[in-house]
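Engineer: For reference, the sequence and a predicted model appear below.
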Amino acid sequence: MAAPSSLASSRLAAAAPAPQHHHQNHQLRLGCSRRRAQRLVAMAGSGKFFVGGNWKCNGTKESITKLVSDLNAATLESDVDVVVAPPFIYIDQVKSSLTDRIEVSAQNTWIGKGGAFTGEISAEQLVDIGCQWVILGHSERRHVIGEDDQFIGKKAAYALSQNLKVMACIGELLEEREAGKTFDVCFKQMKAFADWKNVVIAYEPVWAIGTGKVASPEQAQEVHAAVRDWLKTNVSADVASTVRIIYGGSVNAANCAELAKKEDIDGFLVGGASLKGPDFATICNSVTSKKVTA
Ligand SMILES: O=C(CO)COP(=O)(O)O
């Protein structure tokens with residue numbers, strides 16, 4: 001695997017925690033070229049590069065009007081799926097003003113059918129207002145709100161049953177990475193999701209989220225390849241070769257191109273940089289770096 005060539009990437013790699021050493025690395029790398037060949041065939045037409053913008057709990061009517069207008073004005077490459085996730089209360093505003101070129105996601109949903117669940121929003125309601133996606137398992141919901149694997153798995157199953165598509169987030173804490181538990185943590189989180197059709201997996205190492213410490217392309221690729229191998233062993237070769245695995249955690253307009261070049265990085269889930277229309281468009285268009293190396 002080539003070392004990052006630019007100075008910027010080297011600095012970013014140096015800022016992030018050391019890559020984890022794992023006895024399977026060599027085997028994983030040996031498997032890469034075979035897997036690549038399969039994926040190019042299997043992904044044709046369906047496995048587009050994917051970029052999601054997670055706006056989290058940010059924005060006002062005014063700032064969102066500006067962001068939507070910047071996104072509407074942006075030129076986006078045709079071979080990238082683009083989705084934005086506004087806070088619930090702005091989804092309707094975004095749906096009615098944003099170009100259909102960009103799909104809309106919620107950042108959460110209730111675990112089942114709506115009813116007497118104060119403060120919750122159901123999958124049926126999201127579908128009713130034209131929302132096509134939902135982000136589930138985000139680290140802020142796991143670690144700040146306290147959602148566990150079982151709860152997240154139930155939410156995903158219900159959302160999918162209502163025809164929402166799911167961005168399923170996984171990722172390790174810094175102490176888990178330092179203890180060499182990255183793969184174990186990610187695989188355990190993966191087990192909660194039972195159905196992979198209409199799911200995009202977002203690997204978001206918690207230490208990289210909102211910290212400015214992006215994972216190096218090698219660190220991200222290592223986990224993405226391991227997750228794909230896990231799917232091959234535990235789900236099916238078909239799912240492993242077609243599911244998109246995107247990276248999230250301090251992705252910005254300057255570091256996206258190097259990450260996008262990695263073969264198992266199928267796109268990004270972007271937080272802070274998705275609040276700036278031109279930067280987000282640059283990240284979406286980093287699909288062009290992928291094409292150069294494919
Ligand atoms: O959590 C994230 C996306 O879901 C990543 O956030 P940042 O891009 O702000 O690090």
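Structural biologist: Yes, it's here.
Engineer: these two touch, right, residue 212 and residue 251?
Structural biologist: No - look at residue 212 against residue 251 with Cβ atoms under 8 Å: they stay out of range, at 10.9 Å. In short, each C-beta sits where N, CA and C put it, glycine included.
Engineer: more crowded one of these two?
Structural biologist: Higher neighbour count among residue 212 and residue 251: residue 251, with 30 against 12, using other Cβ atoms under 10 Å.
Engineer: Report the contact partners of the more buried one.
Structural biologist: Neighbouring residues of residue 251 by Cβ atoms under 8 Å, 6 or more residues apart in numbering: 214, 259, 268-270, 273, 283.
Engineer: per-residue confidence for it?
Structural biologist: We have a pLDDT of 98 for residue 251.
Engineer: Let me know the secondary structure of it.
Structural biologist: Put simply, residue 251 is coil when judged by DSSP: H, G, I helix; E, B strand; the rest coil.
Engineer: What residues does the chain have near the ligand?
Structural biologist: The chain comes close to the ligand at residues 54, 138, 204, 209-210, 248-251, 269-273, as judged by Cβ under 6 Å from any ligand atom.
Engineer: switch the cut-off to 8 Å
Structural biologist: 52, 54, 56, 135, 138-140, 169, 202, 204, 208-212, 214, 248-252, 269-274 (Cβ under 8 Å from any ligand atom).
Engineer: Next up, phi/psi of the closest residue in space to residue 171 that isn't next to it in sequence, please.
Structural biologist: Among residues not flanking residue 171 along the chain, residue 204 sits closest, at 4.2 Å (Cβ to Cβ, 6 or more residues apart in numbering). With angles defined as degrees, to the nearest 10, residue 204 sits at phi -130, psi 90.
Engineer: how close does the closest residue to the ligand within the chain get to residue 140?
Structural biologist: Residue of the chain nearest the ligand, by Cβ to the nearest ligand atom: residue 271 (2.2 Å). As judged by Cβ to Cβ, to the nearest Å, residue 271 and residue 140 stand 9 Å apart.
Engineer: do the same with residue 52
Structural biologist: From residue 52 to residue 140 the distance is 15 Å (Cβ to Cβ).
Engineer: Which one's more surrounded, these two?
Structural biologist: Taking other Cβ under 10 Å, residue 52 and residue 140 do not tie; residue 52 has more neighbours (26 against 20).
Engineer: And the more buried one, which helix or strand is it part of?
Structural biologist: For residue 52, the element it lies in under DSSP states H and E is strand 49-54.
Engineer: In CSV: the contacts of residue 251, plus neighbour count, secondary structure and distance to residue 187.
Structural biologist: Compiled in CSV, the contacts of residue 251 are given as follows (neighbours: other Cβ atoms under 10 Å; DSSP: H, G, I helix; E, B strand; the rest coil; distance: Cβ to Cβ, whole Å):
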residue, neighbour count, secondary structure, distance to residue 187
214, 27, coil, 23
259, 27, helix, 22
268, 30, strand, 22
269, 27, strand, 19
270, 28, strand, 25
273, 20, helix, 29
283, 28, helix, 28
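Engineer: now, which of the residues you listed sits nearest residue 63?
Structural biologist: Among the contacts of residue 251, residue 273 lies closest to residue 63 (Cβ to Cβ), at 14.9 Å.
Engineer: related to what we said a few turns ago, can you count the residues close to the residue nearest to residue 171?
Structural biologist: 29.
Engineer: Also residue 86?
Structural biologist: Residue 86: 26 neighbours (other Cβ under 10 Å).
Engineer: residue contacts, the residue lying closest to residue 256 once chain neighbours are set aside?
Structural biologist: Leaving out its chain neighbours, the residue that sits closest to residue 256 by Cβ to Cβ, 6+ apart is residue 286, at 4.1 Å. Going by Cβ under 8 Å, 6+ apart, residue 286 touches 256-257, 259-260, 268.
Engineer: Do you know the pLDDT at residue 286?
Structural biologist: pLDDT, residue 286: 97.
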